[in-house]
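Visitor: Model the structure of this input:
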Amino acid sequence: MTALEAARISGFSGRAPYASDPAATRGRFYPEPESRTRSVYQRDRDRIIHSAAFRRLKYKTQVFVYHEGDNYRTRLTHSLEVAQVARSLCRCLALEEDLAEALALAHDLGHTPFGHAGEEALNAAMKDFGGFDHNGQTLRILTKLEARYAEFDGLNLTWETLEGIAKHNGPLHHVPWAVQEYVAEQDLELDTLPGPEAQIAALSDDIAYHSHDIDDGLRAGLFTVEDLSAVPLVGPIFGEVSRRYPGLETTRLIHESIRRLIDAFVNDVLAETGRRLDAAKPRSADAVRTLGRPVVAFSTRMADDNQALREFLYKRMYRHPRVKAMTDNARKVVRELFAQMLARPELLPEGWRTKADGAGGTGTARLVADYIAGMTDRFALDEHSRLIQ
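Guide: Numbering: from 1, shown residues only. Predicted structure coming up:
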């Protein structure tokens, strides 16, 4: 019996031995009585859903600025789609679904307004103050900036959730400032791989945004179905659907093709992960962390196809003149907001300005970065219009 077959059987009766066990959690930084109705990872997930940072994802862009259209993905809809893929993969592999869902829902909390363009502008503005990294900012939000509880800052999530956020893309060799600050208090073992559920969440992120950016790019008219014909995997899938359903209207053609694309990604991950589990035979989540390479992965062929899709999207979507015009303006908005508020911290809201250490100070710079990073697209545009234009 293969590891994948065993995991599917285990999924009906319990967790695989290499899954994260909520009963064996390394706990929370601040000890708390646990819930009688929810596991520790379900509680983490619920705290994330109820956070202010999660609500703001509704008006944070994925690729398009919020006012470009109601049908395009936002950070919120993207996070929900990542969570759906992650849950499905975990169920098939008998992993801890609730932990993977918590990680999927939290992974983009640290994004600035205007996506990667806003992050690049804020990182450049912060170059003399430690820089800015959205993944580190997510950890900062979860451990410090969310102010909801009487006894601690942040959400006081479990070690496994914080570790999965910090090591979203694997072991950290160049540690962002915000992560350095936190691990000085709690060791997240940055030199090892994350647990299996975090690996699932990271690959689910790739599956969701690549698949659905095709949908958004086609809706926006940045490229056509015909343009996709030469893209490995994607072109053949669209071709097969077109042949099976001749004359199918374009919106249905796109949906039928993208759901098949997601299915191809998911089945490839399950097959490759099963092969790696058979070879490694890990007996615990900690054994997965120390294997030296991920157990959750695409096959070599699928990784190549995914890279070809990534290159197509960069060329035809992310660097499209229409998108570039939006991102250039986004960088300008973030850059000018930062400069104005750093020079004049009195412009910050009352609850923020009292924490400033003076115009141009390092503490003020970090405060301004936290404030701007938390803005939605529309609030950033409104503030820029109010303060600068």
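Visitor: Residue 76 should be in a helix, yeah?
Guide: Yes - the assignment for residue 76 by DSSP: H, G, I helix; E, B strand; the rest coil puts it in a helix.
Visitor: correct me, but it touches residue 57?
Guide: Yes - in this structure residue 76 lies within contact range of residue 57 using Cβ atoms under 8 Å: 3.8 Å. For the C-beta atoms, the positions are set from N, CA and C on the backbone; glycine is no exception.
Visitor: More neighbours: the two, which one.
Guide: The neighbour comparison of residue 76 against residue 57 (other Cβ atoms under 10 Å) goes to residue 57, with 21 against 18.
Visitor: is it true that the more buried one touches residue 79?
Guide: Yes - using Cβ under 8 Å, residue 57 makes contact with residue 79 at a distance of 6.1 Å.
Visitor: joint contacts of these two?
Guide: residue 108 (Cβ atoms under 8 Å, 6 or more residues apart in numbering).
Visitor: ok, residue 371 - contacts?
Guide: Applying Cβ under 8 Å, 6+ apart, one finds that residue 371 lies in contact with 341, 348, 349, 352.
Visitor: do residue 54 as well
Guide: Taking Cβ under 8 Å, 6+ apart as the criterion, residue 54 is in contact with 48, 76, 79, 105, 106, 109.
Visitor: So which other helices or strands are in contact with the lengthiest helix in the chain?
Guide: For the chain, the longest helix by residue count, based on DSSP state H, is helix 250-280. Applying 3 or more Cβ pairs under 8 Å, 6 or more residues apart in numbering; DSSP states H and E, we find helix 250-280 packed against helix 3-13, helix 75-93, helix 196-220, helix 234-244, helix 300-313.
Visitor: mind redoing it with 6 Å?
Guide: helix 3-13, helix 196-220, helix 234-244 (3 or more Cβ pairs under 6 Å, 6 or more residues apart in numbering; DSSP states H and E).
Visitor: For the first one, the averaged confidence score.
Guide: This predicted structure assigns helix 3-13 an average pLDDT of 56.
Visitor: downstream neighbour of it in the secondary structure list?
Guide: Sequence-wise, the next helix or strand downstream of helix 3-13 (DSSP states H and E) is helix 40-49.
Visitor: Starting from that next one, tell me the next helix or strand along the chain.
Guide: Remark: after helix 40-49, the chain's next helix or strand is helix 52-56, criterion DSSP H and E.
Visitor: Tell me which residues of that next one come out buried.
Guide: Neighbour counts over helix 52-56 (16 or more other Cβ atoms under 10 Å) mark 53, 54, 56 as buried.
Visitor: Stretch 300-320 now?
Guide: By 16+ other Cβ under 10 Å, the buried positions in stretch 300-320 come out as 302, 305, 306, 308, 309, 312, 313, 316, 317, 318, 320.
Visitor: Looking at these, spot the one nearest residue 117.
Guide: Distance to residue 117 across the buried residues of stretch 300-320 (Cβ to Cβ) is lowest for residue 318, with 9.7 Å.
Visitor: My understanding was that residue 30 contacts residue 152; is that so?
Guide: Yes - Residue 30 is within contact range of residue 152, at 4.6 Å (criterion: Cβ atoms under 6 Å).
Visitor: Residues contacting stretch 211-227, please?
Guide: Residues from elsewhere that reach stretch 211-227 (Cβ atoms under 6 Å, 6 or more residues apart in numbering): 72, 73, 238, 254, 258, 261, 262, 313, 316, 317, 320.
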